[in-house]
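[1] Curious how this folds, go ahead:
(one chain, ligands or ions: 1)
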Amino acid sequence: MQEVKKDIFLKSPLKWAGGKAKLMDKIEEVYSKDFFWYGEKYTYVELFGGGGSSWLFVLQYYHPMRMIVNDINPNVINFWRCVQSDPNALCEVMDSIISNYLSFDWDGRKEFFLNLRKIFNANKDYLTRTNIDIRMAAMFLFLNKTCFNGLWRTNSKGEFNTPFGKPTNLNRDPNIYNKDNILMLSELIKKVEFVCRDYKDVIGDDVAGDVLVYMDPPYRGTWTDYSKESFGEQEQIELAHYMKELKDKGFFVIQSNSKCDDEFFEEYYKDFEIKTLDGVQRNIRPTAERKVQEILIYTK
Ligand SMILES: C[S@@+](CC[C@H](N)C(=O)[O-])C[C@H]1O[C@@H](n2cnc3c(N)ncnc32)[C@H](O)[C@@H]1O
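    Alright, predicted model coming up:
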């Protein structure tokens, strides 16, 4: 069994739009001041878990008693479940895909990518909300790391259609994945409960006591193409109502979103604190030039 090395911080192998790695110290200020005096006997729920930068941070630094991670995208949840349950099998398939890929020149690699994307799309309906498929997880990781900017984009049929991302520095070794990282992550996430549902269908009666819910939804007024279901204005309003419901249950709730020119957040989140993270801006999507200003909305 691979031992978790406590002195190193394990990062997500995925590239994911909206990843919070660089923001965690800002978010942590809110956690630690307002919530973490509860101690470690609490449940942490992340409703839009994505690439994992935020919940991996919490898992490694704050050790909740129970952690539930949800995302509506079955590929991302299948990937995490495979890392958790059979990392060696996942690495075996990855190694075989990568050795094939590297045997080609750049034109051949592009063609290999496009063929694999075709196979991945042809098999996409094998994934349900609950099953585990190692080959799909390996193809997902490979495509995520070799497509243009790690962008997850699908067409109206739900097929992944991001183009090949030829690296700018062709002499550097393509760093597609790291086996030790996957094996150590597997140990780290052993007890995480992964769920693949709409965010409103995740928290049931079994979630009670001291609960911190973190939500990092697709940002308002920006890019909403994480899945074939989009996340528009109506969804942002529903999310505001849902966040109030969770607060009324006595949960500590935090949401990340982006500062807007109108009064939307002031109007819909009257019962919450809203904090602008000064100096924290990020691209709304990997290719965008416009940056958004981050805000945190949290229980007063
Ligand atoms: C901003 S990203 C989260 C990024 C994540 N915090 C990270 O560090 O990688 C938003 C995520 O919400 C997911 N999502 C979109 N609509 C959803 C819904 N209705 N319910 C649950 N997840 C949803 C997307 O698949 C995407 O992974």
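
[2] could I have stretch 238-250 exported to CSV, CA atoms only?
    Only the C-alpha atoms of stretch 238-250 are listed here, as CSV (Å, rounded to 0.1, in the frame of the first residue of the first chain):
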residue,chain,number,x,y,z
GLU,A,238,-32.3,29.0,-7.6
LEU,A,239,-28.9,28.6,-6.1
ALA,A,240,-29.4,31.7,-4.0
HIS,A,241,-32.7,30.2,-2.7
TYR,A,242,-31.0,26.9,-2.0
MET,A,243,-28.1,28.5,-0.2
LYS,A,244,-30.7,30.2,2.1
GLU,A,245,-32.3,26.8,2.7
LEU,A,246,-29.0,25.3,3.8
LYS,A,247,-28.3,28.3,6.1
ASP,A,248,-31.8,27.9,7.7
LYS,A,249,-30.8,24.2,8.5
GLY,A,250,-28.0,25.7,10.6
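
[3] How about residues contacting it?
    199-200, 203, 211, 213, 215, 217, 253, 255, 268-269, 271-272, 297, 299 (C-beta atoms under 8 Å, 6 or more residues apart in numbering). Heads up, the C-betas are built off the backbone N, CA and C, glycines and all.

[4] so how far is that stretch from its chain's centroid?
    Mean C-alpha position of stretch 238-250 versus that of the full chain (C-alpha atoms, centre = their mean, to the nearest Å) differs by 22 Å.

[5] what's the answer for stretch 76-85, then?
    On C-alpha atoms, centre = their mean, the centre of stretch 76-85 falls 12 Å from the chain's centre.

[6] Kindly report the same for stretch 92-111.
    The answer for stretch 92-111 is 26 Å, by C-alpha atoms, centre = their mean.

[7] now Y298, what's its secondary structure?
    Of the three states, Y298 takes strand according to DSSP: H, G, I helix; E, B strand; the rest coil.

[8] what's the closest non-adjacent residue to it?
    Nearest residue to Y298, sequence neighbours excluded (C-beta to C-beta, 6 or more residues apart in numbering): I254, at 4.3 Å.

[9] The helix or strand that contains that neighbour - contacts with which helices or strands?
    Element membership of I254 [criterion: DSSP states H and E] is strand 252-258. With contacts taken as 3 or more C-beta pairs under 8 Å, 6 or more residues apart in numbering; DSSP states H and E, strand 252-258 sits against helix 24-30, strand 211-215, helix 233-248, strand 291-299.

[10] Sheet-wise, list the partners of it with their directions.
    strand 211-215 (parallel), strand 291-299 (antiparallel) (DSSP bridges).

[11] host element of R135?
    R135 belongs to helix 134-146, assigned by DSSP H and E.

[12] Can you list the neighbours in contact with that helix?
    Contacts of helix 134-146 (C-beta under 8 Å, 6+ apart): 13-15, 75-76, 78-79, 81-83, 86, 89-90, 93-94, 97-98, 101, 109, 113, 116-117, 119-120, 123-124, 126-127, 150, 152, 160, 162, 164-165, 174-177.

[13] try stretch 195-213
    Contacts of stretch 195-213 (C-beta under 8 Å, 6+ apart): 31, 35, 38, 41-48, 64, 68-74, 77-78, 129-130, 215, 217, 229, 238-239, 242, 246, 249-254.

[14] and stretch 261-271, average pLDDT?
    Averaged across stretch 261-271, the pLDDT comes to 95.

[15] From here on, call the first residue 698.
    Shifting the count to begin at 698 puts that one at stretch 958-968.

[16] and Y916, what does it touch?
    Y916 touches G715, S953, N954, S955, I981, V989, counting by C-beta under 8 Å, 6+ apart.

[17] Could you report the neighbour count for the last one?
    Read it as V989. 19 (other C-beta atoms under 10 Å).

[18] Give me the domain ranges for the chain.
    The chain breaks down into these domains under automatic domain parsing: 718-769+894-996, 776-879.

[19] For the ones you listed, give me JSON lines that also has distance to the ligand.
    Shown next, in JSON lines, are the domains of the chain (distance: least, C-beta to the nearest ligand atom, whole Å):
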{"stretch": "domain 718-769+894-996", "distance to the ligand": "3"}
{"stretch": "domain 776-879", "distance to the ligand": "7"}
